[in-house]
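J.: predicted model follows, preceded by the sequence.
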Amino acid sequence: MFGQSAQQNAGFVTLPAMEGITSPFAKAIDLYKQVSTSTSPLATDALRMSALMNSGNAYYYKHDYGGALETWRTAISFSGHPNLSPWSNVIAALVLLDRPQEAIKEGEAARVWAEQSGKALIETYPYAGVLEATAFAKMQLGDSDGALADMATANALRDDALTQQNFALALIVSKRYEDAQEVLRKIAPPLDAQAIPDSKIARCVYLIWALATPNGSPSVRAANFAAFLGEHRSAQELSSTTSEGLRQLMRQVADTLPKSDYPCGSLGKIKAITSLLSAP
């Protein structure tokens, strides 16, 4: 978390300090490796598996998706049989590495194994993760119908805020804006020029609201885009947003998204999402 915080505030950190930003991630990875390879009787299989998963997470937050992919691949069969949690992460890493065809192949293999083994009904949370990651791979290849079908199933299995956001994105990509808005209302209402962002709501929700209202007024869309950026704009400023002002704001969002906190920042790797920020 410290390493990611340093990355987000790079403009306020001195050069000598910046040179050490990756060291918290590197240190974490080294410590996790010591645990995952330990032969001590205190290092149970569950503990070593957890260390592998967290090592992959550290690579992910370091934006080293190749390292994350290799580590999570190791974790898939660590216990002698496939594990859906790291398997879904492998699919996601392949998407982030812009290898969507491999991701879909991996996703289908995970789906078949989960359904044939019965794990899809028992381990619904990680199985939903497999479907979500596969859906993003399908988005990359322009298969919006396939992506929506996978996201809808994942949402039925794991109806939490993050899955709802991903489901809404799939609906938006399929141009089903009213359905996307209905899903988003389960998390939070949209902002208008008078409303104040709720600090308990993830900023990504406001970004998705702006994308879900392509025909909305410039002031309403600007209010939600500004909330995503963490910018405070007065009601008067928002109400006077012009079409050109909205286009400039959308370009700012497109530039900021890949640098944003994860998991929202990972949307900056999904072309079907970033294309929505290409203002007309």
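T.: Yes, it's here.
J.: immediately after the host helix or strand of residue 245, which helix or strand?
T.: Per DSSP states H and E, residue 245 falls inside helix 243-256. Using DSSP H and E, the helix or strand that follows helix 243-256 towards the C-terminus is helix 271-274.
J.: packing partners for that next one?
T.: For helix 271-274, the packing partners by 3 or more CB pairs under 8 Å, 6 or more residues apart in numbering; DSSP states H and E come out as helix 124-140, helix 161-173. Heads up, the C-betas are built off the backbone N, CA and C, glycines and all.
J.: picking up where we left off before, buried set for the helix holding residue 245?
T.: Neighbour-count burial for helix 243-256 flags 246, 249, 250, 252, 253, 254, 256 (criterion: 16 or more other CB atoms under 10 Å).
J.: stretch 47-66 now?
T.: Here stretch 47-66 shows 48-49, 51-65 as buried, counting by 16+ other CB under 10 Å.
J.: could you chop the chain up by domain?
T.: Here the chain is described, according to automatic domain parsing, as comprising the domains 1-81, 85-159, 188-280.
J.: what mean pLDDT does the longest one get?
T.: pLDDT averaged over domain 188-280 equals 93, rounded to a whole number.
J.: how far does that domain sit from the chain's center?
T.: How far domain 188-280 lies from its chain's middle: 16 Å, per CA atoms, centre = their mean, to the nearest Å.
J.: angle of the helix or strand that contains residue 145 against helix 124-140?
T.: Under the criterion of DSSP H and E, residue 145 resides in helix 144-157. Angle, helix 144-157 to helix 124-140, by axes from the mean of the first three to the mean of the last three CA atoms, to 10 degrees: 160 degrees.
J.: quick one: helix 144-157 to helix 161-173, angle?
T.: Counting by the same axes, to 10 degrees, helix 144-157 lies at 160 degrees to helix 161-173.
J.: just the CA trace of helix 144-157, in CSV.
T.: Extracted C-alpha coordinates of helix 144-157, given in CSV (Å, rounded to 0.1, in the frame of the first residue of the first chain):
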residue,chain,number,x,y,z
SER,A,144,-19.6,-7.3,-26.2
ASP,A,145,-22.4,-9.9,-26.1
GLY,A,146,-20.1,-12.6,-24.7
ALA,A,147,-18.7,-10.2,-22.2
LEU,A,148,-22.1,-9.2,-21.0
ALA,A,149,-23.3,-12.8,-20.7
ASP,A,150,-20.2,-13.6,-18.5
MET,A,151,-20.6,-10.4,-16.4
ALA,A,152,-24.3,-11.1,-15.9
THR,A,153,-23.6,-14.6,-14.6
ALA,A,154,-20.8,-13.3,-12.3
ASN,A,155,-23.1,-10.6,-10.9
ALA,A,156,-25.8,-13.2,-10.2
LEU,A,157,-23.2,-15.3,-8.2
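J.: who are the packing partners of that helix?
T.: On a contact count with 3+ CB pairs under 8 Å, 6+ apart, helix 144-157 meets helix 124-140, helix 161-173.
J.: format the ones you listed as a markdown table; extra columns: mean pLDDT.
T.: Converted to a markdown table, those look like this (pLDDT from 0 to 100):
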| stretch | mean pLDDT |
| --- | --- |
| helix 124-140 | 97 |
| helix 161-173 | 97 |
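J.: tabulate these (TSV), appending distance to residue 275 and mean neighbour count.
T.: Output for the helices and strands packed on helix 144-157, formatted as TSV (distance: least, CB to CB, whole Å; neighbours: other CB atoms under 10 Å):
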stretch	distance to residue 275	mean neighbour count
helix 124-140	10	25
helix 161-173	9	24
